[in-house]
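>>> Give me the fold of what follows.
(3 chains)
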Amino acid sequence: MKKQPDFFEQIYEVVKLIPKGRVTSYGSIAKFLSSAKSSRVVGYAMNACRQVDPTIPAHRVVNRNGLLTGKMHFSSPTKMEELLSAEGVKVEGDQIKSFPDVFWDPTIELL
DNA sequence: GCGTTGACGAGGA
DNA sequence: GTCCTCGCCAACG
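Below is the predicted model:
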């Protein structure tokens, strides 16, 4: 029996493949899964990732603006930027510095 | 079964 | 360049 739809598993797998110190966007993951329009669903999966697999580095997933939109969903609102900062990702406020520099696109790296 | 919400993205003004 | 609107898919009430 499946605990979660394959859709979610796919997302989690990609997120867990994100190298340390790198980040990606919801849209890129969605696009990698052949559903660029399902970017919102990717974010929803992240929200559920905690109950599925808390080891998922959801903090490495941000929106296309490099903004930590989901930081409020973490244990603490500051947990996300702390984790990113600890991995070498410069974060100012809620936005990632040098976003294109730390950006990791599964459609390019994994392909 | 219907309507609303949501960690988004792209397009248009 | 910024701001607003629409779309898209899945889950929740």
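>>> Which residues of chain A lie near DNA strand C?
A:5, A:7, A:35, A:37-41, A:44 (C-beta under 7 Å from any atom of the strand). Placement of C-beta: from N, CA and C, glycine included.
>>> Closest one of those to residue A:21?
Using C-beta to C-beta, residue A:39 comes nearest to residue A:21 of the residues of chain A next to DNA strand C, at 23.3 Å.
>>> On the pLDDT front, check the closest one for me.
Turning to residue A:39, the model gives it a pLDDT of 91.
>>> What is the strand or helix carrying it packed up against?
Residue A:39 is located in helix A:39-52, with elements delineated by DSSP states H and E. In this structure, helix A:39-52 makes packing contacts with helix A:6-16, helix A:26-32, judged by 3 or more C-beta pairs under 8 Å, 6 or more residues apart in numbering; DSSP states H and E.
>>> Mean pLDDT lowest where, among those?
Taking each of the helices and strands packed on helix A:39-52 in turn, the lowest mean pLDDT turns up on helix A:6-16, with a mean of 91.
>>> any idea how far DNA strand B is from residue A:17?
Computed with C-beta to the nearest atom of the strand, to the nearest Å, the distance linking residue A:17 and DNA strand B is 16 Å.
>>> what does residue A:91 give?
Residue A:91 is 13 Å from DNA strand B, where distance means C-beta to the nearest atom of the strand.
>>> Give me the neighbour count for the residue nearest to that residue when sequence neighbours are not counted.
Using C-beta to C-beta, 6 or more residues apart in numbering and skipping residues adjacent in sequence, the residue nearest residue A:91 is residue A:81, 4.2 Å away. The local packing of residue A:81 (other C-beta atoms under 10 Å) involves 21 other residues.
>>> coming back round to it: is the helix holding residue A:39 positioned near DNA strand B?
Yes - judged by C-beta under 7 Å from any atom of the strand, helix A:39-52 comes into contact with DNA strand B at A:39-44, A:46-47, A:49-50.
>>> where's that helix relative to the chain centroid, distance-wise?
In terms of C-alpha atoms, centre = their mean, to the nearest Å, the centre of helix A:39-52 is set 9 Å apart from its chain centre.
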